[in-house]
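In: structure for the following, please:
(2 chains)
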Amino acid sequence: MSIEVNGKHTEWVKNETVEQLLKRMKYTFPLVVVKINEKVILKKDFPITIIPDKSKIAVLHMISGG
Amino acid sequence: MVKKIEKIKKKLKNSTIGIAGLGGLGSNAAISLTRAGVGKLVLVDFDKVEGNNLSRQYYFLDQIGKPKVDALKENIKKINPETKVETFNLKLRKGSMEKPFKDVDLVIEALDNAETKAAFIEEILTKLNNKPIVAASGVAGYGHSDRIVTKKLGNLCLCYDELAKSSDDDVLMAPRVILMANWEANLALELILGEDK
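Out: Residues are numbered from 1 along each chain as shown, chains lettered A, B, ... in the order given. Alright, predicted model coming up:
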């Protein structure tokens, strides 16, 4: 019962949303996209997207500079 | 070969690319796209050229104080007077960020602040369906060119270095900023022309 977030294994929590996972992982950068098993999840869907067990998750963040 | 060049020329001449932000990323990407032969550029920025911008942005000493949209238009026209340039001297605000880009074929995100970058990408992706957007994250610092990767995420193509520091905590220097600006411009060409095989 675990998921992979940016290459690191972490515990899978039943019914956890993307929003809750990001809070648990303490991701504080402005986020742009989260990808769950190759599917792109937009920010507006973070609170309603439930993470399935064994998911591979990529969290991409924006860093200031331009 | 001649056929390939003619095909590319024609396709680019009929293309319009929008650029949000005309700092280190946007000004340099615009110049490369002009040289490549893109027919029309839509430029958006609210700022004026400042002395310290010259360390990495495509402006000159005698342009200090000018609105960036006007200064960059001048520089583009010096390279190719036939390139069409539409300018918006305005600050992009949440809720209407997509407006100047409704009619472009592709959008380049070249803003500086992380929050604004994220908000802009989200608005383009949700409001302008199927519009390709190229963005960049992690431009600060020097060295570590090999850490930069392209992330393709549906309509979003991200030029990305996840280990780079924020420009609030690190220096912005011409080689790396311009490298990423051209990475964005190169991705834009790839998306418009299709993969080079």
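
In: ok, whatever residue of chain B ends up closest to chain A to A:Asn37 distance?
Out: Closest approach between chain B and chain A, counting by C-beta to the nearest C-beta: B:Ser167, at 3.5 Å. Where C-beta positions appear, they are placed from N, C-alpha and C, glycine not excepted. In this view, B:Ser167 and A:Asn37 are 33 Å apart by C-beta to C-beta, to the nearest Å.

In: same check, this time on B:Gly194
Out: Taking C-beta to C-beta, one finds B:Gly194 at 27 Å from A:Asn37.

In: compare B:Ser167 and A:Asn37 (neighbour count), which wins?
Out: Using other C-beta atoms under 10 Å in any protein chain shown as the criterion, B:Ser167 and A:Asn37 rank with B:Ser167 on top: 21 against 11.

In: I'd guessed that one sits against A:Ser64; true?
Out: Yes - the pair B:Ser167 / A:Ser64 is scored as a contact, 4.7 Å apart, by C-beta atoms under 8 Å.

In: immediately after the worst-scoring helix or strand of chain A on mean pLDDT, which helix or strand?
Out: Using mean pLDDT, DSSP states H and E, strand A:31-36 stands out as the lowest-scoring helix or strand of chain A, at a mean of 82. Downstream of strand A:31-36, the next assigned helix or strand under DSSP states H and E is strand A:39-41.

In: gap between that following strand and the chain center?
Out: 10 Å (C-alpha atoms, centre = their mean, to the nearest Å).

In: so does it get close to chain B?
Out: Yes - judged by C-beta under 8 Å from any C-beta of the partner chain, strand A:39-41 comes into contact with chain B through A:Val40.

In: show residues contacting that strand.
Out: Under the criterion C-beta atoms under 8 Å, 6 or more residues apart in numbering or on different chains, residues A:18, A:33-35, A:49, B:153-154, B:156 lie in contact with strand A:39-41.
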